[in-house]
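Visitor: I would like to see how this sequence folds:
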Amino acid sequence: MRLGALLGPISKGDGPNFLADQARMFEAEGYASLWSAHTIGRSGMLTDPLIALSVAATATSSVDVGTAVLQAPLFTPLDIAHRVISLHQICGDRLNLGIGAGSTKDDFEAMGKDYDSRFKTLNTMADMFRDLYNNEALAGQLKPWRQLNTPPRLLLGTWGAGVENAAKNYDG
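Guide: Sure thing, here's the model as predicted:
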């Protein structure tokens, strides 16, 4: 059995090495993967998952790292593509990119994004990641995969009828 751990939020009083120390501890305890959640406008702030995973990846050597779940529609395509490519360069083949449509309207309102179009935007973003994986340039600028061994695993965070979509069109 492979177990993963969700990196905990940084609390007042935690030092600047909290995430790195936590990642090393989970790796030493035998966890196979470390995950970071993505929220903006609900229940308090969490560290940006792409930054948290960058820290975890540089503090560890054997665990996979992944987003659980990155609300892709909250980003512009070029911004998220650049950030994920940068994270992938740091993580290498250990990156799991879990994306989802988002479920909380508060996060969309906080970012000035349209909540009602989130599923359509998610599908567009997923297609963009697949195009990047096939070495197609985004906006004529980003064409990253030549320098990387393999693209990250693209996972869909979903429920209900979406599970079949995840099985058919994603890596999980």
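
Visitor: tally of neighbours for I99?
Guide: 25 (other CB atoms under 10 Å). Any C-beta I mention is one placed from the backbone N, CA and C, and that applies to glycine too.

Visitor: and it, what element?
Guide: strand 95-100 (DSSP states H and E).

Visitor: quick check, central residue of the chain?
Guide: In the chain, the residue lying closest to the centroid (CA atoms, centre = their mean) is T67, at 3.1 Å.

Visitor: what distance do you get for that residue to T158?
Guide: For T67, the distance to T158 equals 14 Å [CB to CB, to the nearest Å].

Visitor: what does G98 give?
Guide: 10 Å.

Visitor: out of those two, name the residue with the larger neighbour count.
Guide: Using other CB under 10 Å as the criterion, G98 and T158 rank with G98 on top: 25 against 20.

Visitor: run through the bridge partners of that one.
Guide: L155 (DSSP bridges).

Visitor: pretty sure G162 contacts K168?
Guide: No - the criterion here is CB atoms under 8 Å, and G162 misses it with K168 at 10.6 Å.

Visitor: between these two, which one's more packed in?
Guide: G162 (16 against 8).

Visitor: find the nearest non-adjacent residue to the more buried one, please.
Guide: Nearest residue to G162 in three dimensions, chain neighbours excluded: L156, at 6.6 Å (CB to CB, 6 or more residues apart in numbering).

Visitor: what about the one you found, neighbour count?
Guide: L156 has 21 nearby residues by other CB under 10 Å.

Visitor: which residue ranges of this structure form strands?
Guide: 4-6, 33-36, 64-67, 70-71, 95-100, 153-156 (DSSP state E).

Visitor: residue contacts, A23?
Guide: Listed by CB atoms under 8 Å, 6 or more residues apart in numbering, the contact set of A23 reads L7, L34, V55, A56, A59, T60, V63.

Visitor: most surrounded residue in those?
Guide: A56 (30 neighbours).

Visitor: residue contacts, it?
Guide: When contacts are counted by CB under 8 Å, 6+ apart, A56 touches L7, L19, A20, Q22, A23, L34, S36, V63, V65.
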